[in-house]
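Enquirer: Okay, predicted coordinates and the sequence, questions at the end:
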Amino acid sequence: MKNNIHKNLSLERAEKKAIILLKAAENSYPAIGPTDIRCDQVRDYARRIVDLMEKKD
């Protein structure tokens, strides 16, 4: 994942930013419920992206 980050951003700083984003996501109010079809679509898109990235490597 570090390869996808801007080169001037250290791994330590990137991890700190990720923690901040995760905390913000935990404290945010969901716009849709976990059983909404859009959640399934996002999960499917995420799996497809991961598959494509693995094929690229």
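Expert: Yep, that arrived. Numbering: from 1, shown residues only.
Enquirer: center of this protein - which residue?
Expert: Ala46 (8.5 Å; C-alpha atoms, centre = their mean).
Enquirer: Identify the residues contacting the helix or strand containing it?
Expert: Following DSSP states H and E, one finds Ala46 within helix 37-56. Contacts to helix 37-56, defined as C-beta atoms under 8 Å, 6 or more residues apart in numbering, come from residues 32-33. For every residue, glycine as well, the C-beta is placed using N, CA and C.
Enquirer: quick one: that helix to chain centroid distance?
Expert: Offset of helix 37-56 from its chain centre (C-alpha atoms, centre = their mean, to the nearest Å): 11 Å.
Enquirer: Same question for stretch 23-38.
Expert: Using C-alpha atoms, centre = their mean, the offset of stretch 23-38 from its chain centre is 14 Å.
Enquirer: Can you report the mean pLDDT over the residues of that stretch?
Expert: For stretch 23-38, mean pLDDT rounds to 88.
Enquirer: Just the endpoints, please. Distance across that stretch?
Expert: For stretch 23-38, the first-to-last residue distance is 22 Å (C-alpha to C-alpha, to the nearest Å).
Enquirer: And for stretch 23-40?
Expert: Span of stretch 23-40 from end to end, C-alpha to C-alpha: 23 Å.
Enquirer: Return the per-residue confidence for the residue nearest to the centre of the chain.
Expert: Ala46 is given a pLDDT of 93.
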